[in-house]
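K.L.:
test case, fold it:
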Amino acid sequence: MHRNTKRLLLLAAAVIGPAHALAQASSSAPATQAQIDALQQSIKNAQSSADNAWMLVSAALVLLMTGPGLALFYGGLVRRKNILSTMMQSFAMMGLVTILWAVVGYSIAFGHGNAVVGGFEHLFLRGVGLGPSAYAPTIPEQTYMIYQLMFAIITPALITGAFAERMKFSAMALFLSLWSLLVYSPMAHMVWGIGGFLNANGGSVPSLDFAGGTVVHVTSGVSALVTALYLGKRIGYPKTAMPPHSMVLSFIGACLLWVGWFGFNAGSALNAGPLATSAFVNTHFAAAAAALGWTIAEWIHNGKPTALGAISGAVAGLVAITPASGFVQPMSALAIGLLAGGFCFFMVFMVKSRFGYDDSLDAFGVHGAGGTLGAILTGIFAVSAINAALGNDASGKPIPTGVLDGHWSQLLNQAAGVAIAWTLSAVGTLLLLFIVDKIVGLRVSPDDENTGLDLSQHGEEGYDFNN
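P.N.:
Got it, this is the predicted structure:
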């Protein structure tokens, strides 16, 4: 006992560095229980510091995805007269959702409520302090809260791609504020909240969603489609050509999204351990494979590979791997990415053209379709060797996770999660659009649309060539 304790103290001195540990190790007297407890506390503090540092960096990376990542990506894809209004929509979510999250959103999503919605115990962040979180015991609850806030910010911002160039700023602000509380927060609770209906750890229908396939991408993508259909097409669409005004901006934005996604997925491990590494690797592999998949499909279909196709494919792969990132092996991530690239290309070029809806920046074709595919493929490729998310059996062995593990019924659970996300998003979005339309009106006037939303909604221009 004395020899083992002495070795522990020497290790602590090497890793942590307190001089007194070496002094105690060299002493001939056996270590006291107090000294052992102090050593264990030092090790615990070191782990907490490392995990907290990674989670704060991850939170910053996820915020980077909205501004400047999504703002530049979407901003470059619209016409020149609408760049500021489009970027302002993403920026507005950074402000509005933050306030709503602090007041009530976090409580609805992660409070102790029922299977569908959290309670109100954390209104105005009551009880959300610097102590350990019930969701991540090695980091402060405020760290967990701020990390989850970044997800809540980008999710409604993704929807703006569907109604770009034609919705009033006032309507956008009211609609997406309500949406974040009444659609996003309940979905987040069902999948990630303690006692949630779809929670993999004890939910009635355990659905695997590591970083937000259903919570973020299916909800935003389906809501985007409903919004595009409700608003109707832009003036002149599809007869009038509406190409991106700056592929350079969109290219930069897509690269920032790719980098930020490491915080999105690897950060969802909620610690700096091996699972974060697995999610990081899978995220990168899937993005690369999807960029290749979309490019090949476009090359065959249109005769040329485009920069827009390549970056759209990368984003599609990032979307599809999101729910699976912490459950699958690297070769499975490549397969998911390759499938997502081809499938999302099909949705954007074939399905959208066939039905003629005006999803301006393909929010549904990439996020709705890619998120749905990724959630289903998670049920196929998830393995307990990476993440024993469903726990252990009576003998202590990990419960099989997905089809590759022999757990075929997980496909049904994944389909149930997707169906609930689709239903909540479609019904909730339709009701909110109707209400907001009656209160402030949704769409700008034809004159304002022709002028451009930069001038008509904000009184300024993104580019002043006269000066």
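K.L.:
ranges for the helices of the stretch 201-350 of the chain?
P.N.:
219-231, 247-265, 274-302, 307-321, 330-346 (DSSP state H, counting those that start in this stretch).
K.L.:
need the ones you listed in CSV with mean neighbour count and distance to Leu39, can you?
P.N.:
All C-beta atoms are positioned from the backbone trio N, CA, C, and that covers glycine. Formatted as CSV, those follow (neighbours: other CB atoms under 10 Å; distance: least, CB to CB, whole Å):
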stretch, mean neighbour count, distance to Leu39
helix 219-231, 26, 46
helix 247-265, 21, 32
helix 274-302, 21, 24
helix 307-321, 28, 40
helix 330-346, 23, 37
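K.L.:
quick check: which of these is nearest to Leu84?
P.N.:
Among the helices of the stretch 201-350 of the chain, helix 247-265 comes nearest to Leu84, with 12.0 Å by CB to CB.
K.L.:
show me what that closest one is packed up against.
P.N.:
helix 33-64, helix 71-77, helix 274-302, helix 307-321 (3 or more CB pairs under 8 Å, 6 or more residues apart in numbering; DSSP states H and E).
K.L.:
average model confidence for the longest one?
P.N.:
Per-residue pLDDT values across helix 33-64 average out to 91.
K.L.:
what helices and strands are in contact with that helix?
P.N.:
helix 2-15, helix 141-159, helix 247-265.
K.L.:
include distance to Met187 when you put those into a markdown table, please.
P.N.:
Formatted as a markdown table, the helices and strands packed on helix 33-64 follow (distance: least, CB to CB, whole Å):
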| stretch | distance to Met187 |
| --- | --- |
| helix 2-15 | 41 |
| helix 141-159 | 9 |
| helix 247-265 | 17 |
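K.L.:
select from these the stretch with the lowest mean pLDDT.
P.N.:
helix 2-15 (a mean of 48).
K.L.:
hang on, the earlier thing: let's have the helices of the stretch 201-350 of the chain in CSV, adding distance to Leu61.
P.N.:
As requested, those are exported to CSV (distance: least, CB to CB, whole Å):
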stretch, distance to Leu61
helix 219-231, 19
helix 247-265, 3
helix 274-302, 11
helix 307-321, 13
helix 330-346, 19
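K.L.:
nearest to Ala421, of those helices?
P.N.:
Among the helices of the stretch 201-350 of the chain, helix 219-231 sits nearest to Ala421 (CB to CB), with 5.5 Å.
K.L.:
tell me the angle that closest one makes with helix 141-159.
P.N.:
Computed by axes from the mean of the first three to the mean of the last three CA atoms, to 10 degrees, the angle separating helix 219-231 from helix 141-159 equals 30 degrees.
K.L.:
could you export helix 219-231 as CSV, CA atoms only?
P.N.:
Only the C-alpha atoms of helix 219-231 are listed here, as CSV (Å, rounded to 0.1, in the frame of the first residue of the first chain):
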residue,chain,number,x,y,z
THR,A,219,-35.9,20.6,-37.3
SER,A,220,-34.3,23.5,-39.2
GLY,A,221,-34.5,21.8,-42.6
VAL,A,222,-38.1,20.8,-42.4
SER,A,223,-39.1,24.1,-41.0
ALA,A,224,-37.2,25.7,-43.9
LEU,A,225,-39.2,23.8,-46.4
VAL,A,226,-42.5,24.7,-44.7
THR,A,227,-41.5,28.4,-44.6
ALA,A,228,-40.5,28.4,-48.3
LEU,A,229,-43.8,26.9,-49.3
TYR,A,230,-45.9,29.2,-47.0
LEU,A,231,-44.1,32.4,-48.3
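K.L.:
could I get the contacting residues of the residue nearest to Pro446 when sequence neighbours are not counted?
P.N.:
The spatially closest residue to Pro446, leaving aside those adjacent along the chain, is Ile235, at 6.1 Å (CB to CB, 6 or more residues apart in numbering). By CB atoms under 8 Å, 6 or more residues apart in numbering, the residues touching Ile235 are 446, 449-450.
K.L.:
of these, just the buried ones, PyMOL syntax please.
P.N.:
To isolate the buried ones among these in PyMOL, judged by 16 or more other CB atoms under 10 Å, type:
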select buried, resi 449
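K.L.:
OK, contacts around the residue nearest to Glu298 when sequence neighbours are not counted?
P.N.:
Computed as CB to CB, 6+ apart, the closest residue to Glu298 that is not its neighbour in sequence is Gly309, at 4.1 Å. Contact analysis of Gly309 by CB under 8 Å, 6+ apart lists 294-295, 298, 345.
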